[in-house]
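Peer 1: My questions are about this predicted structure, shown below with the sequence.
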Amino acid sequence: MIRRASNDDLAALLALCESIGLFPADELAELGAMMAEHLEPDAISDHHWLVDDEDGDLVAVAYVAPERLTNGTWNLFLIAVRDDLRGRGRGSSLVRHVERLVAGRGAHLLLVETAGVPEFEKTRGFYARLGFDREAIIRDFYADGVDKVVFRKRLAEAG
Ligand SMILES: CC(C)(COP(=O)(O)OP(=O)(O)OC[C@H]1O[C@@H](n2cnc3c(N)ncnc32)[C@H](O)[C@@H]1OP(=O)(O)O)[C@@H](O)C(=O)NCCC(=O)NCCS
């Protein structure tokens, strides 16, 4: 079941993010601080942490928020599925959930960014299959030789 994460999920969410191996230790600490801020019970925030909760086990996570200084452009900053459960449609369901969520909040554009290296070829294919267009490349963004590829999807107006 896809649901909004709460403060109680913090430790499990961080463990999931650590297990996917995308983040070095210093970035994980930063991620943890961001989560804690947005998952505060009384946080009034347009930063959405979503989890796929399978009988109490968090098996996937997505983090989406508006791009600052834009009107209706959002960014899917993070999406990850537990490695033993990939390729079964969970990631696609999560993206569709995110699209509905942000469209309902007035988004017209959803961006997602990833690295241009061969290890992320499947990830880039995943976004393309979900209807995202490869819009821009910033060469050497993440590190020298590691480009950032920006994907863009125009969202239908929420009815
Ligand atoms: C990218 C990711 C979120 C996709 O979620 P998923 O549940 O595996 O994807 P789905 O089952 O909905 O869709 C499957 C498609 O995603 C692609 N895909 C991307 N990474 C994959 C992986 N590690 N394993 C299997 N499929 C993957 C496949 O090409 C597949 O298409 P195909 O079945 O036609 O080959 C997930 O694989 C993941 O967490 N990867 C590691 C973290 C990551 O790269 N996140 C994005 C950072 S920018």
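Peer 2: Yep, that arrived.
Peer 1: does any part of the host helix or strand of L78 sit near the ligand?
Peer 2: Here L78, judged by DSSP states H and E, is contained in strand 73-81. Yes: counting by C-beta under 6 Å from any ligand atom, the ligand is contacted by strand 73-81 at 79-81. C-beta here means a position set from N, CA and C on the backbone, and glycine is covered the same way.
Peer 1: Format the residues you listed as CSV; extra columns: neighbour count and pLDDT.
Peer 2: CSV is the format used below for the residues of strand 73-81 next to the ligand (neighbours: other C-beta atoms under 10 Å; pLDDT from 0 to 100):
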residue, neighbour count, pLDDT
I79, 21, 97
A80, 21, 96
V81, 22, 96
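Peer 1: any idea which of those residues is closest to F141?
Peer 2: Distance ranking of the residues of strand 73-81 next to the ligand against F141, using C-beta to C-beta, places I79 first at 18.7 Å.
Peer 1: so what's that closest one up against?
Peer 2: 60-63, 91, 94-95, 98, 112 (C-beta atoms under 8 Å, 6 or more residues apart in numbering).
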